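[1] show me the folded form of this:
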Amino acid sequence: MYIIKKKYKFLAKKKFGQHFLFNKKIIKKIIKFINLNYFDLVLEIGPGLGSLTLNIINKINNIYAVEIDKDMINFLIKHSIIGSKIKIFRQNAIYLNLKNFFLKNNQNLFRILGSLPYNVSVKIILNLILNFNNNIKDMYFIIQKELAERITASINTKIYGRLSIIVQYYCKIYKLIKILPKYFIPIPKVDSFFIKLIPYKILPYNTININIIKYITNKSFNNRRKILKNNLKLIFNNKELLSLKINPNLRAENISIKKYCKLSNLLFYKNKYKI
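    Residues are numbered from 1 along each chain as shown. As a prediction, this is how the structure comes out:
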């Protein structure tokens with residue numbers, strides 16, 4: 001295995017939010033959690049210096065990898081990390097079109113993994129779950145601790161918000177391992193978490209149009225300090241909120257995903273497909 005040394009710190013680019021995991025014990029735990037099978041269809045986002053890639057390459061038939069940084073790709077080639085089993089594509093994972101990979105691979109479900117850049121983690125995750133959720137078996141990401149907490153936040157907490165609702169609408173989420181800054185090069189200023197997301201095969205929530213939920217949650221959380229009847233006064237009156245057993249005096253963080261779905265369905269019928 002190629003061990004990442006401190007001399008490679010200069011390879012990290014701030015504009016890409018790069019921090020390279022090098023701790024062998026943490027990497028071993030991550031690989032154990034993923035539990036790969038030989039014929040799994042794996043897509044790695046941001047292989048970087050190959051610390052995860054090298055540990056999984058002998059466990060599976062092949063890997064697809066997406067990397068935006070041409071210097072990282074050159075590094076992987078120079079150190080013989082890219083071989084016949086690894087197909088690497090230079091592109092921005094924010095705009096990843098999974099169907100381009102999916103249609104070429106016998107309609108198998110992807111298993112996606114990666115250490116996501118802190119500055120674009122949200123955009124990458126939302127792109128995957130909003131556009132390609134049905135093409136994914138599971139996802140394993142290293143992300144900033146704050147983001148992991150927001151994604152998994154429960155109702156009635158200060159960090160429960162639009163992101164919590166949208167991601168939990170589509171996926172079951174698990175926080176698996178806390179990863180300290182000292183295990184990365186360069187050392188980030190925050191802790192990280194290794195998380196698992198499993199897309200629901202059948203969505204547990206009854207809703208007609210997810211775009212309406214995004215619209216309502218945007219209005220609801222636009223000013224978190226305001227109560228619901230004030231944030232939604234241009235959409236619903238108090239009688240409509242009460243009809244769904246929603247207290248108009250509650251704040252956005254006090255409303256469950258299920259009730260946001262009910263609100264979205266009500267608005268759908270009120271507007272007759274206009275949103």
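[2] run through the stretch 151-275 of the chain and note the low-pLDDT ranges.
    Within the stretch 151-275 of the chain, the stretches falling below the threshold (pLDDT under 70) are 272-275.
[3] show me where it has its strands.
    Listed from the start of the chain, the stretch 151-275 of the chain has strands (DSSP state E, counting those that start in this stretch) covering 171-179, 184-185, 192-199.
[4] neighbours around Y140, how many?
    Other residues near Y140 number 22, with proximity taken as other C-beta atoms under 10 Å. Where you see a C-beta, it was placed from the backbone N, CA and C, and this is true even at glycine.
[5] contact partners of the host helix or strand of it?
    For Y140, the host element (DSSP states H and E) is strand 136-144. The list of residues contacting strand 136-144 from outside it, by C-beta atoms under 8 Å, 6 or more residues apart in numbering, reads 21, 30, 33-34, 40, 45, 98, 109-116, 118, 121, 125, 128-129, 151, 171, 179, 188, 190-199.
[6] now do the buried residues in stretch 235-244.
    Of all the residues in stretch 235-244, those buried under the rule 16 or more other C-beta atoms under 10 Å are 235-236, 240-241.
[7] in CSV, list these along with distance to T207.
    What follows is the buried residues of stretch 235-244, written out as CSV (distance: C-beta to C-beta, whole Å):
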residue, distance to T207
I235, 16
F236, 16
E240, 17
L241, 17
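[8] going by distance to N247, which of the residues you listed wins?
    Nearest to N247, judged by C-beta to C-beta, of the buried residues of stretch 235-244 is L241 at 7.5 Å.
[9] re the thing from before, keeping just the C-alphas, turn the strand holding Y140 into CSV.
    Included here for strand 136-144 are C-alpha records, laid out as CSV according to Å, rounded to 0.1, in the frame of the first residue of the first chain:
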residue,chain,number,x,y,z
ILE,A,136,-27.7,3.9,-5.9
LYS,A,137,-27.5,1.0,-3.4
ASP,A,138,-25.7,2.9,-0.7
MET,A,139,-23.3,5.8,-0.1
TYR,A,140,-20.4,6.2,2.3
PHE,A,141,-18.9,9.6,2.8
ILE,A,142,-16.4,11.4,5.0
ILE,A,143,-17.8,14.8,5.6
GLN,A,144,-17.4,17.7,8.1
